[in-house]
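In: predicted model and sequence below, questions to follow.
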Amino acid sequence: MNHGRRDTPHTPDDQGTAADSHTALRLEAVRKVYRLGDDDVVALHHADLRVGADEIVALVGPSGSGKTTLCSIAGAILSPTAGRVVVGEQDITEFGESELSRVRRESVGFVFQAVNLVPFLTARENLLVIDELGSRNRSAARARADQLLDELGLADRASNLPSQLSGGQRQRVAIGRALMNEPSLVLFDEPTSALDTQLGEKVMELIRHEMKARGTAAVIVTHDERMTHYADRVVHITDGVLAA
Ligand SMILES: Nc1ncnc2c1ncn2[C@@H]1O[C@H](COP(=O)(O)OP(=O)(O)OP(=O)(O)O)[C@@H](O)[C@H]1O
Ligand SMILES: [Mg+2]
């Protein structure tokens, strides 16, 4: 537990560059404006954020403050209206759709609030779906899926359908799916909001454990302050403006 800022030290030769191996995510002056009929909705005003290569950042803010928008931009799902987005060592700001989909496939994992498992596939198959897009052969993919399910305490549930799992178990399948392709950054959009407090804390503990064991960075969106002590650092967002 550590609320303080934990900047990873820079080596002299990477100072000043936007992309470096100590950074999982960098947003520079990111702005996002949605067009809604005749109106412009400014979801992000001027977001600056750096997430270290093994850092867990909690992103906390009220409904409508821009949290999902920020995650979608960080995860190469949405393009910013202005500003710069660097994921790992790649500046993705100018990337086209095919390059963005490669970033989504190779570099980032997503765990959404609505767990989004494919209902007619088993837990194991839900993990393997991710790999269909990847480069591993089938047996290596299956071994990885089974290893992840085992680590997440789901070894005996691998052949269950989502409807045969509890809420917490489904959330763990979603976490396993996000880790399938060994991303350097995982974005969690309110991973515990559908769970009761006790289960929510268990899932947060698991997320922290999995991220730290792998040296993977994470942004965890929550509006539950109780969940923030599982992060290394808390960033608040209000009306599209970030504050440490
Ligand atoms: N596709 C869209 N078109 C127009 N406006 C949008 C769109 N998506 C989001 N918004 C608006 O942008 C703002 C930020 O939305 P966002 O979904 O990022 O908020 P949030 O912090 O994730 O909220 P919540 O906690 O309710 O999930 C809100 O005012 C929302 O209404
Ligand atoms: Mg949201």
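Out: Ah, there it is. Ligands and ions are numbered 1, 2, ... in the order given.

In: show me which residues of the protein sit near ligand 1.
Out: For the chain, the residues in contact with ligand 1 (CB under 6 Å from any ligand atom) are 34, 36, 41, 43, 61, 63-69, 223. To be clear about C-beta, it is placed using only N, CA and C from the backbone, and glycine gets the same treatment.

In: now, which of those sits nearest A174?
Out: Of all the residues of the chain next to ligand 1, A174 sits closest to T68, with 15.8 Å by CB to CB.

In: can you say which helix or strand has the closest residue in space to A158 that isn't next to it in sequence in it?
Out: The shortest distance from A158 to any non-neighbouring residue, by CB to CB, 6 or more residues apart in numbering, is to R124 (4.2 Å). Assigned by DSSP states H and E, R124 belongs to helix 123-132.

In: which positions within that helix qualify as buried?
Out: Neighbour-count burial for helix 123-132 flags A123, R124, N126, L127, L128, I130, D131 (criterion: 16 or more other CB atoms under 10 Å).

In: mind putting those residues into TSV with pLDDT and distance to A178?
Out: Converted to TSV, the buried residues of helix 123-132 look like this (pLDDT from 0 to 100; distance: CB to CB, whole Å):
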residue	pLDDT	distance to A178
A123	90	14
R124	90	15
N126	87	11
L127	87	10
L128	86	14
I130	72	8
D131	67	13
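
In: format those residues as TSV; extra columns: distance to S21.
Out: Shown next, in TSV, are the buried residues of helix 123-132 (distance: CB to CB, whole Å):
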residue	distance to S21
A123	34
R124	33
N126	31
L127	28
L128	30
I130	25
D131	26
